[in-house]
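S.K.: here is my input; please provide its structure:
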Amino acid sequence: MKIILESLEGLVILFFLSTYACREILLNSDGGDIPYDDCGGLDGNQVAVVKLTGCETDEICEIIMGKSLTLTINWKTIQNGIKALRSSLVLSLCNGFSMNVAIKPDNACDYLKCPIAKNSEIAYTGTFTVPEKFLPGSGRIMWHGFEKSETDSLLCVDFRVNILAPTEK
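M.R.: Model (predicted):
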């Protein structure tokens, strides 16, 4: 009987904790968040909010070749003393074709207060243009935020997109 009660207490506590976590995610979200896959990094497993201009309602974002877009990623860092926040962006198709895409600014510390302290909320914003010389179709965007080297990412997010030719939309 004691084991059953302890197990039941554990389940009740787990239920309340998971309900609280989901509530916090929903309350701190203002809609338009893009579902993403965490692809690693030192701050991996931190809840991030990912937004891309023009993707306020679609689960799979439609992006148009030649258009300039703004990517916003918010997360809480567990790192201390981040002196630079650089990024890289890769646009890829399901057939394996991929392209590095320039994203500005080169260093988000141009507008963020750096060094960034541990447990700080980071609000990254970068702009990029969807390449005109790309193939339309189903693809993905992968973004890495890093201090010195992309191989030592702070955060990596990966999300689905549909790439459209300018005349398709």
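
S.K.: can you list the domains in this protein?
M.R.: 1-30, 33-164 (automatic domain parsing).

S.K.: list the buried residues in the lengthiest strand in the chain.
M.R.: The longest strand of the chain (DSSP state E) is strand 153-164. For strand 153-164, the neighbour count (16 or more other Cβ atoms under 10 Å) marks 153-161, 163-164 as buried. Using the backbone N, CA and C atoms, a C-beta is placed for each residue, glycine as well.

S.K.: tell me which two of those residues sit farthest apart.
M.R.: 154 and 164 (31.0 Å; Cβ to Cβ).

S.K.: residues in contact with residue 53?
M.R.: 69-70 (Cβ atoms under 8 Å, 6 or more residues apart in numbering).

S.K.: can you pull out the strands in this protein?
M.R.: Ranges of strands in the chain, per DSSP E, are 37-38, 49-52, 61-64, 68-76, 86-93, 98-101, 121-129, 137-146, 153-164.

S.K.: export those to TSV and tack on mean pLDDT and distance to residue 114?
M.R.: Rendered in TSV, the data for the strands of the chain read as follows (pLDDT from 0 to 100; distance: least, Cβ to Cβ, whole Å):
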stretch	mean pLDDT	distance to residue 114
strand 37-38	94	24
strand 49-52	96	21
strand 61-64	94	30
strand 68-76	97	16
strand 86-93	96	11
strand 98-101	97	24
strand 121-129	97	10
strand 137-146	96	13
strand 153-164	95	13
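
S.K.: what would these look like in JSON lines with distance to residue 108?
M.R.: Compiled in JSON lines, the strands of the chain are given as follows (distance: least, Cβ to Cβ, whole Å):
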{"stretch": "strand 37-38", "distance to residue 108": "19"}
{"stretch": "strand 49-52", "distance to residue 108": "15"}
{"stretch": "strand 61-64", "distance to residue 108": "22"}
{"stretch": "strand 68-76", "distance to residue 108": "10"}
{"stretch": "strand 86-93", "distance to residue 108": "7"}
{"stretch": "strand 98-101", "distance to residue 108": "16"}
{"stretch": "strand 121-129", "distance to residue 108": "5"}
{"stretch": "strand 137-146", "distance to residue 108": "8"}
{"stretch": "strand 153-164", "distance to residue 108": "11"}
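
S.K.: can you tell me which of those is nearest to residue 107?
M.R.: strand 86-93 (5.7 Å).

S.K.: give me the sheet partners of the closest one and which way each runs.
M.R.: According to DSSP bridges, strand 86-93 has the following sheet partners: strand 98-101 (antiparallel), strand 137-146 (antiparallel).

S.K.: just give me the closest of the buried residues of strand 153-164 to residue 67.
M.R.: For these, the closest approach to residue 67 (Cβ to Cβ) belongs to residue 164, at 9.3 Å.
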